[in-house]
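# Dropping a prediction and its sequence here:
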Amino acid sequence: MSNLYALKQQLLMLLQEVERLESSYANLDEAFPLSEIKARVNQYCKDNSITVDIFCELAAISKATLYKAYSSPGSAKRSTIESILSVLGDYQLLVGRCNGN
C-alpha cells in the first residue's frame, strides 16, 4: 500500500508541474510562428505609418536581411529574428515542438 501512496504523490507532483508549465505558456500574450514574420512586420509598419526602410533602421538590419528572413524565416540567424522582434514589441524567441499540423 505504501508503494501506491508514493506513486500517488509522484503523480500529484507531476500534475502540478504540468499545470505550472501550462500556466506559464498561457501567460504569453501572443505567440506566433516564424512563418508569420512578414505579415507581422507589414502590419506593424501599417499600424505605425512607417516604411519597411524605417523598420529596418529600427531593427538595425539591412533590407536584404529582412527579405531573407521573410523568404526563409527558419534559416534566419537568431540575432536577425531577435532584432525584428525587438521592434515588434516585448517578444522573446521560444523554441517549441511542432504539433504535426
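Everything's here; your move.
# Thought Ser71 was touching Leu34, still the case?
No. Between Leu34 and Ser71 there is no contact under Cβ atoms under 8 Å: 11.7 Å. No exception for glycine: its C-beta is placed from N, CA and C like everyone else's.
# neighbour count winner among the two?
Leu34 (16 against 10; other Cβ atoms under 10 Å).
# Residues contacting the lowest-mean-pLDDT helix or strand in the chain, please?
The helix or strand of the chain with the lowest confidence, counting by mean pLDDT, DSSP states H and E, is helix 2-26 at a mean of 78. Residues from elsewhere that reach helix 2-26, judged by Cβ atoms under 8 Å, 6 or more residues apart in numbering: Ala31.
# how much distance is there from the helix or strand that that helix is followed by to the middle of the chain?
Counting by DSSP states H and E, the next helix or strand C-terminal to helix 2-26 is helix 37-47. With Cα atoms, centre = their mean, to the nearest Å as the basis, helix 37-47 stands 15 Å off its chain's centre.
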